[in-house]
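1. Sequence first, then the predicted structure, then my questions.
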Amino acid sequence: MGRLPTPSLRMRWPGLAPWWLGLGRLVVVVPSATNRRVTRRFSFSTPVRPPDDPPPAPFVSIREAFGRFWPHTRGVRRLFVAGVLLAIVAALCEIGAIRLFGRITDEVLAGQNLDAFWEPAFVWLGLMVVAGLASFLGSYATAVGGERFLLRLRDRVFAHMQTLTPDFFDRRRLGDLMARLTDDVEAIEELVGSGVVRILTTTVSVFFFAGAALLTRWDLALVTFAMVPAFLVVSKLFASRLRTAAARERLSNGVMNGVIEEGLANQALVQAFNRQGTEARRLHTQGRAWMRANVTQARLSALYGPVVQIIETVCLLVVIGVGAWEITAGRLTIGGLLAFAAYLAYLYPAVQGLGQLALTVSQAAAGSDRVIEILRIRPRVTDSAGAVPPAAPPRGRIDFADVGFTYPGRSTPTLRHLTFHAKPGELVVCVGPSGAGKSTVAKLLLRFHDPAEGRVLLDGVDIRDIPRTALREAVTVLQQENLLFSGTVRDNIAYGRPGCGMDEIVRAAVMAGAHEFVERLPARYDTQVGQRGRLLSGGQRQRLAIARAILRDAPVLVLDEPMTGLDPETAARVMEPLGRLMAGRTTILLTHDLRFVPGTARTVVLGAAPGRTRTRFGRTAWRTRPRMGTGPLRG
Ligand SMILES: Nc1ncnc2c1ncn2[C@@H]1O[C@H](COP(=O)(O)OP(=O)(O)OP(=O)(O)O)[C@@H](O)[C@H]1O
């Protein structure tokens, strides 16, 4: 969603009473860090969700949401306080200006005395300059505070997401998570950042202008105040429906982002299978759901304005009627009536603003539900209280001792009684058909999951007793599909060791057999590799990943199907640098392809029977690619 610049000051003119024209109403518009479309606010209709939609996030009370996010305003609260104080200064100046307006009407216009005009006119001008300045500074301070809060909150939510295991991301749509990190986090700013400032300044305005109206004519003021509850009732009616509508809009926005993200990320697949039409229809379906949510909100928004305007008109007519009566009876001057009406011209928008804020807060609450849902998810794996980093650099001995593991939500265990060990410098091959649990071994070693039974040990210490950062420093995984980031060749090689020198990067590239092709790239080490390294070939990506692993220099190496997707010639070329990488490290090779496995390697057979793990130590006789899908692998 695009963000529009928010004006810090806005001149608003009362549209109902022509005789109010000439008295410009300077209204302080407190900018929120987000400027969302007002039209996306209301809905009466029942949400229609496509069947594959995730359920909406559970409702959280506004009080709880506020309590959760308010602490994040620490450090920017003084900006919000400045915003409120400056808005009060602006309101006081406006009250002064209205009094001068009444004086000019009575003394200059009704009294036909031009000499009495100049002094109040200059004071009025001066007051409006001060009001304008205060309004500008107040809006600016609030905007800066809101943006800082937003930055901090987004960082916090992102940091929390990064504590969750990769399994969490596998189960969620990335587009939806992105929507939570952007739009929903911005909505929270409307709740606890600029929202608070607006509530305070609007409330103060209501009291000020109501007080000024009471001081001018208390009896007339009481008549008009009788209409105030009508504003609040209308707002409450609308607000109660808004939250459901906003939740629906947030949900469909997340789903739509997910569809866009998936469709764009897999364009090669989409085009290769001629599925452009299907993807376009998927987006259209989700886009329609989002559009419907917005249209119904716009309908309600359009309804809210006229309803409020009718209430305002009733108030105005009451004031004119009673005022005319009072003037006729000689108890009120025209100037007095105009000044009184001017106070109301400020008071009603402020009361209306309070009602509108209730709607905005309801909408923001829908965003906060979705962020709180994420923040409530606890990481499956955490550091144990007694976890201490190893005193000396790990040597790299790995033991899987009777390990059993079942994925959450699955009934069949993926690994059962898996036992093997790998000494420093040794190569152990975990072999098994697709789905046997090879990649799961790597996930357990990195503590993306903890085993349900048995233990995994590094240098004889249960990895649950080692901080995850220290554990992962000791292990480098070369994944099945080599993941490069968009960036330069240099950035990608240095990813595992930030701050390393160019000479180290080149040395690693030479050892990985990558230097030669990198030198031929247009900008050599500064060449952009494209999204996920797609501007490079599979073999080139693999060699960069090897260079990255060499540079990282961890004692334990896990190779997860390192030859996947490579033709025999390329695979053979990769073997040599891979051998250099493995030298001196504990290497666990996860593969179903035994063509490149040295005969001396120790082998562990996974998935020998459904739900069981068979372990076999000793030299392997497999030298050819096993036939898959014909039953369990046999040595
Ligand atoms: N995050 C997950 N949640 C639930 N089940 C999972 C998850 N990841 C993997 N599985 C299941 O666990 C089993 C083992 O998966 P794993 O990826 O370890 O197999 P693999 O031997 O590496 O297969 P391949 O050779 O095809 O990569 C599979 O049946 C898979 O469906």
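-> In hand now; what should we look at?

2. So what's the gap between the helix ranked longest in the chain and the chain middle?
-> Counting residues, the longest helix in the chain under DSSP state H turns out to be helix 276-328. Offset of helix 276-328 from its chain centre (CA atoms, centre = their mean, to the nearest Å): 29 Å.

3. From the contact counts, what lies against it?
-> Helix 276-328 sits against helix 218-225, helix 228-265, helix 334-376, with contacts defined as 3 or more CB pairs under 8 Å, 6 or more residues apart in numbering; DSSP states H and E. (Each C-beta comes from the backbone N, C-alpha and C, glycine too.)

4. any idea of the pLDDT on the residue most central in space within the chain?
-> Centroid-nearest residue in the chain, with CA atoms, centre = their mean: Leu181, separated by 0.3 Å. Leu181 carries a pLDDT value of 90.

5. Please apply the same query to Gly138.
-> Looking at Gly138, its pLDDT stands at 91.

6. hang on, it packs against Phe80?
-> No: checked against CB atoms under 8 Å, the pair Gly138 and Phe80 is beyond contact range at 10.0 Å.

7. Those two - which one has more neighbours?
-> The neighbour comparison of Gly138 against Phe80 (other CB atoms under 10 Å) goes to Gly138, with 29 against 24.

8. Excluding chain neighbours, what is closest to Ser486?
-> Spatial nearest neighbour of Ser486, excluding adjacent residues (CB to CB, 6 or more residues apart in numbering): Gln531 at 4.9 Å.

9. and Asp503, how many neighbours?
-> 8.

10. Please apply the same query to Pro379.
-> Pro379 is flanked by 13 other residues according to other CB under 10 Å.

11. List the contacts of it.
-> By CB atoms under 8 Å, 6 or more residues apart in numbering, Pro379 lies in contact with 163-165.

12. now, of the helices and strands packed on helix 276-328, which is deepest in the fold?
-> Greatest average neighbour count among the helices and strands packed on helix 276-328 goes to helix 334-376 (a mean of 23), per mean count of other CB atoms under 10 Å.

13. residues in contact with the very next helix or strand once past that one?
-> Later in the chain than helix 334-376, the nearest helix or strand by DSSP states H and E is strand 398-405. For strand 398-405, contacts defined as CB under 8 Å, 6+ apart pick out 413-422, 428, 437, 440-441, 444-445, 449, 451-458, 460, 556, 586, 588.

14. any weak-confidence spans in the stretch 401-550 of the chain?
-> 480-482 (pLDDT under 70).

15. Close to the ligand: what parts of it are there?
-> Residues of the stretch 401-550 of the chain found near the ligand (CB under 6 Å from any ligand atom) are 407, 410, 414, 432, 434-440.

16. For those residues, pick the one with the most neighbours.
-> Most neighbours among those, by other CB under 10 Å: Lys438, with 27 neighbours.

17. Name the nearest residue to that one, sequence neighbours excluded.
-> Closest residue to Lys438 apart from its sequence neighbours, by CB to CB, 6+ apart: Leu590 at 3.9 Å.

18. buried ones in stretch 119-138?
-> 120, 124, 127-128, 130-132, 134-135, 137-138 (16 or more other CB atoms under 10 Å).

19. In the stretch 101-250 of the chain, what residue lies closest to the ligand?
-> Minimum separation of the stretch 101-250 of the chain from the ligand (CB to the nearest ligand atom) falls at Asp167, amounting to 4.7 Å.

20. can you pull the pLDDT of that residue?
-> 83.

21. What residues does it make contact with?
-> The contact partners of Asp167, taken as CB under 8 Å, 6+ apart, are 380, 407-408, 448-449.

22. Columns distance to Ala387 on top of those, output as TSV?
-> Output for these, formatted as TSV (distance: CB to CB, whole Å):
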residue	distance to Ala387
Arg380	16
Tyr407	24
Pro408	23
Phe448	16
His449	17
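
23. List only those of the residues you listed flagged as buried.
-> Buried members of these, scored by 16+ other CB under 10 Å, are 448-449.

24. Tell me the one of the contacts of Asp167 nearest the ligand?
-> Taking the contacts of Asp167 together and measuring to the ligand by CB to the nearest ligand atom, the closest member is Tyr407, at 3.3 Å.

25. for the stretch 101-250 of the chain, which spans come out with low pLDDT?
-> In the stretch 101-250 of the chain (pLDDT under 70), the answer is 240, 242-243.

26. Return the subset of the contacts of strand 398-405 lying in strands.
-> Residues of the contacts of strand 398-405 located in strands (DSSP state E): 415-422, 428, 453-458, 556, 586, 588.

27. Pull the number of nearby residues for the residue nearest to Ser486.
-> 12.

28. How about the one 4 residues further on?
-> Residues contacting Leu535 under the criterion other CB under 10 Å number 15.

29. what ranges of the stretch 251-400 of the chain fall below the confidence cut-off?
-> 268-269, 272, 359.

30. how about a cut-off of 90?
-> Filtered on pLDDT under 90, the stretch 251-400 of the chain yields the residue ranges 251-370, 379-396.

31. Run through the residues that contact the nearest residue to Ile95 once chain neighbours are set aside.
-> Nearest non-adjacent residue to Ile95, counting by CB to CB, 6+ apart: Ala212, 5.1 Å away. Listed by CB under 8 Å, 6+ apart, the contact partners of Ala212 are 95, 98, 343.

32. Would you mind measuring from Ala212 to Leu127?
-> Ala212 sits 14 Å away from Leu127, going by CB to CB, to the nearest Å.

33. so what's Thr216 closest to, chain neighbours aside?
-> In this structure, Thr216 finds its nearest non-sequential neighbour in Phe340, 4.9 Å apart by CB to CB, 6+ apart.

34. wait, I meant Leu191
-> Spatially, and ignoring its direct neighbours in sequence, Leu191 is nearest to Ala364 (3.9 Å; CB to CB, 6+ apart).

35. Surely the one you found is in contact with Glu190?
-> Yes: using CB under 8 Å, Ala364 is in contact with Glu190, at 4.1 Å.

36. coming back round to it: just flag the most distant two among the contacts of Asp167.
-> Spatial extent of the contacts of Asp167 (CB to CB) is set by the pair Pro408 and Phe448 at 11.9 Å.

37. Filter the buried residues of stretch 119-138 down to just the ones in helices.
-> Reading helices off these with DSSP H, I get 120, 124, 127-128, 130-132, 134-135, 137-138.

38. do you know how far Val129 is from Val89?
-> Taken as CB to CB, the span from Val129 to Val89 is 12 Å.

39. Relative to the ligand, which residue of the stretch 451-600 of the chain is the closest?
-> For the stretch 451-600 of the chain, CB to the nearest ligand atom, closest residue to the ligand: His592, 5.6 Å.

40. Quick check: the residue nearest to Leu191 vs Val60, distance?
-> Applying CB to CB, the value for Ala364 to Val60 is 12 Å.

41. Need the overlap of contacts for these two.
-> Overlap of the contact sets of Ala364 and Val60 (by CB under 8 Å, 6+ apart) is empty.

42. Report the contact partners of the residue lying closest to Val307 once chain neighbours are set aside.
-> In space, and not counting its chain neighbours, Val307 is closest to Val234: 5.6 Å by CB to CB, 6+ apart. With contact taken as CB under 8 Å, 6+ apart, Val234 is in contact with 304, 307-308, 311, 355.

43. Among the residues you listed, which one lies nearest to Gly323?
-> Lowest distance from Gly323 to the contacts of Val234 (CB to CB) belongs to Ile311, with 18.5 Å.

44. Quick check: chain neighbours aside, which residue is closest to the closest one?
-> Spatially, and ignoring its direct neighbours in sequence, Ile311 is nearest to Ala230 (4.9 Å; CB to CB, 6+ apart).
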